[in-house]
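Participant: got a predicted structure plus its sequence, pasted below:
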Amino acid sequence: MREAELLRVSLRIHGLTKETGRENKEAAPQQRYKDSPAMASGTALIYDDEMTSYKLLWDDPECDIEVPERLLSSYEQLKHYHLVERCIHVPVREGTEEEIMLVHSSEYLEVVKSTQTMNEEELRRVSENYDAVYFHPNTYRCAKLAVGATLQLVDSVMSGKVRNGMALVRPPGHHSQRNAANGFCVFNNVAIAAQYAKRRYGLQRILIVDWDVHHGQGVQYVFEEDPSVLYYSWHRYEHQQFWPLLRESDYDAVGQGKGKGFNLNVPWNKVGMGNSDYLAAFFHVLLPVAFEFVPELILVSSGYDSGIGDPEGQMNATPECFAHLTHFLMQLANGRLCAVLEGGYHLKSLSESVCMTVKTLLRDPLPQIAGEMAPCLSAIESIQNVRGAHKPYWKCLMYEEATPLHDLSTKSQQIMKAELIQTSTHPTAEQAVGTTKSDEAIKADRFLESHMKKILFPVPPVKTAAAIVSKADAHLLPVSVQVEMEMNAQELKTFVSAFDVELVKEEKALLSLQNVLAVLDKILKKKACNGIAESSVASVSITFALKHCFDFGLQRVLCIVVGDMDLELDLDDGKMLLMNICQKQQTEKTNSKYYISLNWKEDTEIKLVQSVAKALSGVSTPDFGAYTPASQENVLEIKRLRDQLQQEWKMLRCSVRNWVSGS
Ligand code: Q9C
Ligand code: ZN
């Protein structure tokens, strides 16, 4: 490490970054994809109210949740938060027959086409040929628009016109198959988009993330043998008792032939999964694999029936969870992300979650996720099983103990429940109420009404504050980072002398400290949401910075120290979590809940300054380049730490080993 040690104080008020305002002047020519060094900016929003022009014409309790209001209320809410005007409007178009046939057969296309001129009677008859599908004379037109909207989004992102975007479409797509409509889906929008992107832009690796609560079996079937498309889906499964009731939705469907390892299913065997279960599945399954896969484009099958209040999913994830899922994915594929609406049947939950997704794509600061962060036992079992099933295919999982759990904690209950349903002849309460809103839905309405007011806090100006010691280092910082040094030196002297008289005599040290506190002050006073400072006396600076934070009234501060350094800090009150990534074994200190030392044999380079600053200011997300697997030493060190810490830090849990349940 160089003379000046890099210090990073990451505050819990981790805000985000801003649009650079820099236009991508040299957009890649149409039909050619090149990885241009300048990142595109802007978020596309694709919506056309023509896609609300079809609906269910007869009584069918199976289909009556898929209504035009799903689109209308989502778009209304986007307007309400002034998000529509911040996005780049991209018009829809019809998908062509050729494009539809990238996934579907011409015979099936003709069947769908023929529904345009049918009467109700005939429409009912065609609909009955499929599982959970209804047709309307306008369905064909809307289905073509849904495909076209998705392809317009892909084109906008791939051409560099925008960085990312969302398409609000009906009908959804992920259940539809080569020869069949299924589960409200007619054409497989996302699967068509992936085939299209491969063809038109020569892409070699596309990641599809399906966070809809149903298994997108249609997408799985299309890409099962295709290693160029990695498909990830979590879904309500309940040991195959939940629709679409398929054996191949389980964790052991890993893909076939050359596509082995490129199909990731996370089956949820219980309802009520929530924020921590979803985040744990991202942390321990999707993200490690996705970073190893190095996608060039991400398509999100963006269904919100996995959110709280949804009558289909019966899960508990709150809208801000989707902000975080989106944010994690934005770190991949150079930020090229296309979210395409799938399910979502609780109108308020759906529209708030859509807004959270779009807000995050626009790079607004994220709301924090409140509440106990701990995945439930059943979620951990599912995660352990997927990791085990994929161990042969991914380096990030190669040290995993490959033990599928057969005795799942939910299995016996599940079988009892299934038997109960089979023997019961009485309609359940839910069936009896018919079209009136269920109590659950009303409860979720009320909850969301107050919850959204709480989490949409006023945000500090999205700015990065920076202070560096030597002007020579200024070139390390990207243009959008402001260098500010305006703290009163006299004030500082008084502040410091109360603790350390010796330090005040050292001008250089004092200057360093001044830098750090100037940046910190900007953040605490919400004049900036993040910052970076260089210091020649890192340990002293950290000590004073923390003191400053707690005086200010912060409750929790995460402090990550990269490099070997001696810190004497009182960590007992739980207000601070210190993580030290160091080369030297810290022999005298032992790990505790609030002191975690990660002994990694790797260069912790000062070059970090550059990437940290870039990341903070949002100029670009660091490009890792080709995937280099972590050394076995480093992985085992993490594993050891995880085993040691997972009693207390429950989000670390990804297997039920070494973990006594009921704690
Ligand atoms: N009793 C999407 O979310 N439900 N489709 C069948 C069986 C069908 C969901 C219920 C749900 C289809 C895009
Ligand atoms: Zn769904």
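Facilitator: All right, it came through fine. Ligands and ions are numbered 1, 2, ... in the order given.
Participant: so which residue is dead centre in the protein?
Facilitator: Centroid check for the chain by CA atoms, centre = their mean gives residue 325 as the closest residue, at 1.6 Å.
Participant: state the distance from the closest residue in space to residue 259 that isn't next to it in sequence to residue 244.
Facilitator: Nearest non-adjacent residue to residue 259, counting by CB to CB, 6 or more residues apart in numbering: residue 225, 4.2 Å away. All C-beta spots, glycine's among them, are computed from the backbone N, C-alpha and C. Using CB to CB, to the nearest Å, residue 225 is found at 20 Å from residue 244.
Participant: more crowded one of those two?
Facilitator: Applying other CB atoms under 10 Å to residue 225 and residue 244 shows that residue 244 carries more neighbours, namely 18 against 14.
Participant: so that one is in contact with residue 215, correct?
Facilitator: Yes. Contact criterion CB atoms under 8 Å: residue 244 and residue 215 qualify, at 6.5 Å.
Participant: residue 555: neighbour count?
Facilitator: 10.
Participant: could you shift the numbering so residue one becomes 37, and keep it that way?
Facilitator: Done: numbering now begins at 37, and the last item shifts to residue 591.
Participant: strands of the stretch 537-686 of the chain, start to end?
Facilitator: Listed in chain order, the strands of the stretch 537-686 of the chain (DSSP state E, counting those that start in this stretch) span 566-571, 593-598, 612-618, 631-635.
Participant: check contacts around whichever residue of the stretch 287-436 of the chain sits closest to ligand 2.
Facilitator: Among all residues of the stretch 287-436 of the chain, residue 379 sits closest to ligand 2, at 2.7 Å; criterion: CB to the ion. By CB atoms under 8 Å, 6 or more residues apart in numbering, residue 379 lies in contact with 208, 220, 248, 249, 250, 339, 340, 341, 346, 348.
Participant: coming back round to it: looking at the strands of the stretch 537-686 of the chain, which is buried most?
Facilitator: Counting by mean count of other CB atoms under 10 Å, strand 566-571 has the highest mean neighbour count of those, with a mean of 26.
Participant: can you list the strands that that strand pairs with?
Facilitator: Here strand 566-571 is paired, per DSSP bridges, with strand 41-47 (antiparallel), strand 500-503 (parallel).
Participant: pick out the shakiest of the ones you listed, pLDDT-wise.
Facilitator: Among these, strand 41-47 has the lowest mean pLDDT, at a mean of 27.
Participant: which is the next helix or strand following it?
Facilitator: Note on strand 41-47: by DSSP states H and E, the next helix or strand toward the C-terminus is strand 79-82.
Participant: and after that next one, which helix or strand comes next?
Facilitator: Sequence-wise, the next helix or strand downstream of strand 79-82 (DSSP H and E) is helix 105-116.
Participant: which helices and strands sit right next to that following helix?
Facilitator: helix 383-397 (3 or more CB pairs under 8 Å, 6 or more residues apart in numbering; DSSP states H and E).
Participant: right, and the helix or strand after the helix it packs on?
Facilitator: With DSSP H and E, the next secondary element past helix 383-397 is helix 413-426.
Participant: and that following helix, what's buried?
Facilitator: Residues of helix 413-426 classed as buried by neighbour count (16 or more other CB atoms under 10 Å): 413-426.
Participant: lowest-scoring secondary structure element of the chain by mean pLDDT?
Facilitator: One helix or strand of the chain scores below all others by mean pLDDT, DSSP states H and E: strand 41-47, with a mean of 27.
Participant: show me the contacts for residue 177.
Facilitator: Contacts here follow CB under 8 Å, 6+ apart; on that basis residue 177 touches 86, 89, 90, 130, 152.
Participant: now tabulate those residues in JSON lines and tack on distance to residue 318 and neighbour count.
Facilitator: As requested, these are exported to JSON lines (distance: CB to CB, whole Å; neighbours: other CB atoms under 10 Å):
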{"residue": "86", "distance to residue 318": "35", "neighbour count": "14"}
{"residue": "89", "distance to residue 318": "36", "neighbour count": "16"}
{"residue": "90", "distance to residue 318": "34", "neighbour count": "22"}
{"residue": "130", "distance to residue 318": "35", "neighbour count": "18"}
{"residue": "152", "distance to residue 318": "41", "neighbour count": "13"}
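Participant: among the residues you listed, which one lies nearest to residue 288?
Facilitator: Residue 288 has its nearest neighbour among the contacts of residue 177 in residue 90, at 37.7 Å by CB to CB.
Participant: my guess is the closest one meets residue 182, correct?
Facilitator: No. With contact defined as CB under 8 Å, residue 90 and residue 182 do not form a contacting pair (10.8 Å).
Participant: identify the contacts common to those two.
Facilitator: 206, 207.
Participant: counting neighbours, what do you get for residue 275?
Facilitator: Applying other CB under 10 Å, we find 17 residues neighbouring residue 275.
Participant: how about the residue of the stretch 187-336 of the chain found nearest ligand 2, secondary structure?
Facilitator: Relative to ligand 2, the nearest point of the stretch 187-336 of the chain is residue 250 (3.6 Å; CB to the ion). Following DSSP: H, G, I helix; E, B strand; the rest coil, we place residue 250 in the coil state.
Participant: number of nearby residues for it?
Facilitator: Residue 250 has 30 neighbouring residues, counting by other CB under 10 Å.
Participant: any chance of the contacts of residue 379 in a markdown table, plus pLDDT?
Facilitator: Formatted as a markdown table, the contacts of residue 379 follow (pLDDT from 0 to 100):
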| residue | pLDDT |
| --- | --- |
| 208 | 99 |
| 220 | 99 |
| 248 | 99 |
| 249 | 98 |
| 250 | 99 |
| 339 | 98 |
| 340 | 98 |
| 341 | 98 |
| 346 | 98 |
| 348 | 98 |
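Participant: could you say what helices and strands the helix or strand where residue 361 lies packs with?
Facilitator: According to DSSP H and E, residue 361 maps onto helix 355-365. Counting contacts by 3+ CB pairs under 8 Å, 6+ apart, helix 355-365 packs against helix 311-317, strand 333-338, strand 373-377, helix 383-397, helix 475-491.
Participant: highest average neighbour count across the ones you listed?
Facilitator: Among the helices and strands packed on helix 355-365, strand 373-377 has the highest mean neighbour count (mean count of other CB under 10 Å), at a mean of 29.
Participant: tell me the strands beside that one, with direction?
Facilitator: Strand pairing for strand 373-377, determined by DSSP bridges: strand 200-203 (parallel), strand 333-338 (parallel).
Participant: between those, which one is closest to residue 562.
Facilitator: Taking CB to CB, strand 200-203 is the member of the strands paired with strand 373-377 nearest to residue 562, at 26.7 Å.
Participant: please state the mean pLDDT value computed over the next helix or strand after the closest one.
Facilitator: Counting by DSSP H and E, the next helix or strand C-terminal to strand 200-203 is helix 225-237. Average pLDDT, helix 225-237: 98.
Participant: ok, stretch 409-425 next?
Facilitator: 97.
Participant: for that stretch, what is the distance to the chain centroid?
Facilitator: On the basis of CA atoms, centre = their mean, to the nearest Å, stretch 409-425 sits 18 Å off its chain's mean C-alpha point.
Participant: and the spatially closest residue to residue 386 that is not a sequence neighbour, what does it touch?
Facilitator: Leaving out its chain neighbours, the residue that sits closest to residue 386 by CB to CB, 6+ apart is residue 380, at 3.6 Å. Neighbouring residues of residue 380 by CB under 8 Å, 6+ apart: 106, 110, 248, 339, 340, 341, 343, 346, 386, 389, 390.
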